[in-house]
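A.B. asks: No letters, just coordinates:
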DNA sequence: TGATTATTTCAATAATTCTTGTAATATTGA
DNA sequence: TCAATATTACAAGAATTATTGAAATAATCA
């Protein structure tokens, strides 16, 4: 994953409106929702919603499918897993992880669990 | 996790400078780095770096420990796992997941893998 | 103590993002 | 075709965030 991709995803989810939209669509699963339903459900003005849907879609967090005059949006959470990998794949590569095993703020927990399983 | 916590984390990582800082510290593991080392390593002016370190720390992504006249920063990636849970814990709760099993953009993959393992 | 170094704070400007209103586009149904 | 509905595009002002320079704070060392 490129850095630009990552910052775009984070930027997309840094707005409470967009986070609400994404979580709503995650909940709705494959069914997704059309723009009007999202607008009603979250109480966001259609034009403002369109602005945020565009941002989420461009970040790759949503997919859109045309259904007649409706646009159906769905969340794509696969991208989230790639994002975590991007953040943590070099975890502790320049440090001895074991040092942190017994500290309260253990930044290597994820790496440890990966190794254990 | 509260919505405000989540948006703050996303906002923190939406800047390329802050993403660089976080990834650098993830790499450095428990050793972490002091502010001056981060400044040199990434070529960021000390006062600007301080601005971004403050943002990351307030979001909970970094911890700070005083060492004499140095401030040692460390990444806390545990928070990332909580964040993923916040995003996906209600995944497909209002939809039949199986519908998406054979589609290219399968938003439920994560849920499926969880169930399989 | 006095000088030096590390880091943070503050203020000002530049840049970016959000929201709203209005208009445009496109599909549906009579 | 015409009217109604769904959605998007554009433009302008308000609000927020980033960067820089200068100064302040605090710890170290001679």
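C.D. replies: In hand now; what should we look at? Just so it is clear, the model here is predicted, and its values are computed rather than measured. Numbering: from 1, shown residues only, chains lettered A, B, ... in the order given.
A.B. asks: list the contacts for residue A:4?
C.D. replies: residue B:16 (C-beta atoms under 8 Å, 6 or more residues apart in numbering or on different chains). The way it works is simple: take the backbone N, C-alpha and C, and place the C-beta from them, glycine included.
A.B. asks: tell me which element it falls in.
C.D. replies: Residue A:4 belongs to helix A:3-12 when elements are defined using DSSP states H and E.
A.B. asks: I'd like the average pLDDT over that helix.
C.D. replies: The pLDDT scores in helix A:3-12 average 95.
A.B. asks: Check whether that helix comes into contact with DNA strand C.
C.D. replies: Yes: residues of helix A:3-12 contacting DNA strand C under C-beta under 7 Å from any atom of the strand: residue A:11.
A.B. asks: Pick out the residue nearest the middle of chain A.
C.D. replies: In chain A, the residue lying closest to the centroid (C-alpha atoms, centre = their mean) is residue A:80, at 4.9 Å.
A.B. asks: So that one, which state does it fall into?
C.D. replies: The local conformation at residue A:80, judged by DSSP: H, G, I helix; E, B strand; the rest coil, is helix.
A.B. asks: right, and it touches residue B:84 too?
C.D. replies: Yes: contact criterion C-beta atoms under 8 Å: residue A:80 and residue B:84 qualify, at 6.2 Å.
A.B. asks: buried set for the helix holding residue A:4?
C.D. replies: A:6, A:7, A:8, A:9, A:10, A:11, A:12 (16 or more other C-beta atoms under 10 Å in any protein chain shown).
A.B. asks: how about the third one, what does it touch?
C.D. replies: Shown here is residue A:8, whose contacts under the criterion C-beta under 8 Å, 6+ apart are A:58, A:59, A:60.
A.B. asks: Near the nearest residue to residue A:1 once chain neighbours are set aside, how many other residues are there?
C.D. replies: Take residue A:1 and drop its neighbours on the chain: the residue closest to it by C-beta to C-beta, 6 or more residues apart in numbering or on different chains is residue A:86, 4.2 Å away. Per other C-beta atoms under 10 Å in any protein chain shown, the neighbour tally for residue A:86 reads 17.
A.B. asks: shaky segments in chain A?
C.D. replies: Residue ranges of chain A with pLDDT under 70: A:96-117.
A.B. asks: All set, thanks.
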